[in-house]
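*Asks:* Sequence first, predicted coordinates after that:
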Amino acid sequence: MALPPASETQISHLGRLWLYLLAALVLIFLVAPVFVVVPMSFSDERYLSFPPESYGLRWYRNYFASLEWTQATVTSFKVALLVTLLATPLGVAAAYGLYRSTLKFSNTVSLLLISPLIVPVIIIAIGVFYLYARLNLVNTVPGIVLAHTILALPFVMVTTTSGLQQFDDQLERAAQSLGASRWMAVLTVTLPQLRGSIVSGALFAFITSFDEVVISVFIAGGENMTLPRRMFSGLRDQVDPTIAAISSMLIGLSILLLGLAVAFGRNSD
């Protein structure tokens, strides 16, 4: 039952019903095309078609039986895990340092660190490729990890900074007044309070690396080809229905990780 407005200026939920319906329609318009691939992944036909005329698990079996697909998946998970382990402490340290900084150019440094969220990824990919070509890092796991970390670092910084803005600075000062050093106060008081924000940032870093395709097209290949890179090649060379099965699994993984990120973010409030 819709509650009545608390005052004459407040709009009731019933009065905002049209806004709720509009938001639902916009959400369906944005999300529905993504889920079209799910029934296509269960097609038992040789080519992609919607709606499928017959259903089966043919392309899921083809994915798990293919050495190329499974190797690319293992590479993506390995790279994403390494990126998470690298970007998370760097992002937390950068966010904390800039939050506590009193220097005039700290805002400029912060803007530079989050610039990968602003600069088109294709520009970053071209620059990384030409740099890696000189350093012999193309098609190497360390090169892919470093490049993906550039994109993942801003997400960790943003979530950690958000947590710091809600953190009570008096708690850290109280720990220092009781004899704890600055580092001990940060490790035992500040970081535990930011646990939700840090975990959310780590999950976003993992998703960013695992789903990244533009930079991977330039620097990931051969034995170190990532899963999105392999999918891009499959769409370019031939429309392999196996891609629909992989996409469906990636949709489920992304929803799970984003749900965890949101849950940890709420717990940190």
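*Replies:* Thanks, I have the structure now. Residues are numbered from 1 along each chain as shown.

*Asks:* next one: stretch 46-66 to chain centre, how far?
*Replies:* Centroid separation between stretch 46-66 and its chain, computed with CA atoms, centre = their mean, to the nearest Å, is 28 Å.

*Asks:* quick one, strands of the stretch 1-150 of the chain?
*Replies:* Counting by DSSP state E, counting those that start in this stretch, the stretch 1-150 of the chain has no strands at all.

*Asks:* for it, which spans come out with low pLDDT?
*Replies:* Counting by pLDDT under 70, the stretch 1-150 of the chain has low-confidence residues at 1-15, 49.

*Asks:* Show me which residues of stretch 213-228 are buried.
*Replies:* 213-221, 224-228 (16 or more other CB atoms under 10 Å). The C-beta positions use only the backbone N, C-alpha and C, and glycine is treated the same way.

*Asks:* Reformat these as TSV; add pLDDT and secondary structure.
*Replies:* Rendered in TSV, the data for the buried residues of stretch 213-228 read as follows (pLDDT from 0 to 100; DSSP: H, G, I helix; E, B strand; the rest coil):
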residue	pLDDT	secondary structure
213	87	coil
214	89	helix
215	89	helix
216	88	helix
217	87	helix
218	88	helix
219	88	helix
220	83	coil
221	78	coil
224	85	helix
225	87	coil
226	88	coil
227	87	helix
228	87	helix
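
*Asks:* Please report the distance of residue 130 from residue 123.
*Replies:* When CB to CB, to the nearest Å is applied, the distance between residue 130 and residue 123 equals 11 Å.

*Asks:* likewise residue 67?
*Replies:* In this structure, residue 67 lies at 35 Å from residue 123, with CB to CB as the measure.

*Asks:* For those two, indicate the residue with more neighbours.
*Replies:* With neighbours defined as other CB atoms under 10 Å, residue 67 and residue 123 compare such that residue 123 has more, 11 against 7.

*Asks:* What's the mean pLDDT across the strand or helix carrying residue 259?
*Replies:* Of the helices and strands defined by DSSP states H and E, residue 259 is found in helix 242-267. When pLDDT is averaged over helix 242-267, the result is 76.
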